[in-house]
Every structure is written in C-alpha cells, then in structure tokens.
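Participant: Sharing a sequence plus its predicted fold:
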Amino acid sequence: MHCDPFTYVALDFSPAMHEIAAEHLGELASRVTFLTRDFREPDWANDLGMFDAVVTLQAAHETRHKRHLVPLLERARSVVAPGGVLLYADHYLTPETKLPALAPARDEQPLALERAGFVEVELRYEEGNMALWCGTNEPPRDETTTYGERQGAVNPVEQIAQRFAIHR
Ligand SMILES: C[S@@+](CC[C@H](N)C(=O)[O-])C[C@H]1O[C@@H](n2cnc3c(N)ncnc32)[C@H](O)[C@@H]1O
C-alpha cells in the first residue's frame, strides 16, 4: 500500500514525544498537526474530523490491557471515512512476552478489527512478533436509492419503478 498523505494528524499524550517526532520529520513537520490526546480517555477521537487512513503503530498496547483493544479500534473507526482504512500494527503474544495482559494472540488481532466493525481485514506485513493488519470501514448502505435512479430511468414504467425504494 502506497501512502503519501498531504496532511497528517499525529496523536500522542506526550508533548515530549511530539517534539521528538517533529525533529525527526524536519520540513515535513509543517504538514503535521500534533495533538495531545490520551487514548485511555473515551473522548480522545472527538472533534478530529474524518480521515482516509488511520494508523496505529506499536501503540495500541499502551491502553495497558488487551481488553481495551476493541473499544480503542471502535473509536478509531469513528474517524475513518466510509471506504477508508485502519492500519494496525502491534506485538502479539508469544511465550517470551513479558506482560501477557497487554498482547492479544496473533489470531485475536484481526478478530479485534472485525469486532470493531472493520471489513476485508487483511495481513499486510509481519516481522518478529509484530503484525500489520489493514481493515476497511465499509461505506454506509444507501437505503433510499431507487431502482430508477440506479438504472437512469426515463420511460413511464421505469418512472413508476423509481417510486419504490430498493434496499441493498
Ligand atoms: C512504543 S511508542 C511508539 C511510537 C511510534 N508509533 C513508533 O512506532 O515509533 C508508544 C507511543 O505511545 C504513546 N502513548 C502511550 N500511552 C499513551 C496514551 N494513553 N495515549 C496516547 N499516547 C500514548 C507514547 O508516548 C509513545 O509515543
């Protein structure tokens, strides 16, 4: 997946981490809005607008327990535009994991995306005990579309058909 965003909103609860990120980005930092938000607060996604892609890289475990993963991803989905994607990368559980409560099993990672409402969940990359998953936010179903509108109807029979909503 190619990703060259024109603008980017970066969230972190640590202003110090934002400063480090801005230093690394150099001139590109001018494209970034750095916002201080705490993912453990239920309102962290409020007033952000909608995005074509939301990325969480090695950060979801910072909610400090894997039971918080689905609610976190649900909130993330609330700011993904219809048809947009979530990219979620984090460590999964292995026998060596020091804090097992933080890390879901590998199989639980895509299930968490599906439980949060994402569709077409796919593995995009994997290295060590970290996997990158992509989920799509399904476009809303348009239940008011009429048969005629969908067919470009012009004759009388089709004009009648236009009066009957088709539920897709
Ligand atoms: C392991 S670092 C990963 C940073 C970056 N995504 C990367 O891969 O280089 C985890 C980041 O999550 C941030 N973080 C930890 N807990 C957080 C929270 N509750 N809300 C928002 N950010 C948090 C930390 O400040 C840190 O920048």
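Facilitator: Arrived safely, thanks for sending. Numbers count the residues shown, from 1 in each chain.
Participant: Strands of the protein, residue ranges please.
Facilitator: 8-12, 32-36, 51-57, 80-91, 119-127, 130-136 (DSSP state E).
Participant: residues of the fourth one that come out buried?
Facilitator: Looking back up the chat, that one is strand 80-91. 80, 84-91 (16 or more other Cβ atoms under 10 Å). C-betas here are computed from N, CA, C, even on glycine.
Participant: tell me which of these is nearest to Glu127?
Facilitator: Ala89 (9.6 Å; Cβ to Cβ).
Participant: Quick one: residues contacting the closest one.
Facilitator: Residues near Ala89 by Cβ atoms under 8 Å, 6 or more residues apart in numbering: 56-58, 125, 130-133.
Participant: Buried among those? Need that as a selection in ChimeraX.
Facilitator: Here is the ChimeraX selection string for the buried members of the contacts of Ala89, based on 16+ other Cβ under 10 Å:
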select :56,130,131,132,133
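Participant: returning to what we had before: out of the buried residues of strand 80-91, who's near the ligand?
Facilitator: Subset of those in contact with the ligand: empty, counting by Cβ under 6 Å from any ligand atom.
Participant: This protein against the ligand: which residues are in contact?
Facilitator: So far as Cβ under 6 Å from any ligand atom goes, the chain lies against the ligand at 12-14, 17, 38-40, 57-59, 62.
Participant: so who does Leu11 touch?
Facilitator: 35-37, 39, 44.
Participant: try Ala112
Facilitator: 69-70, 73, 104.
Participant: Please list only the buried members of the contacts of Leu11.
Facilitator: Neighbour-count burial (16+ other Cβ under 10 Å) is assigned, among the contacts of Leu11, to 37, 39, 44.
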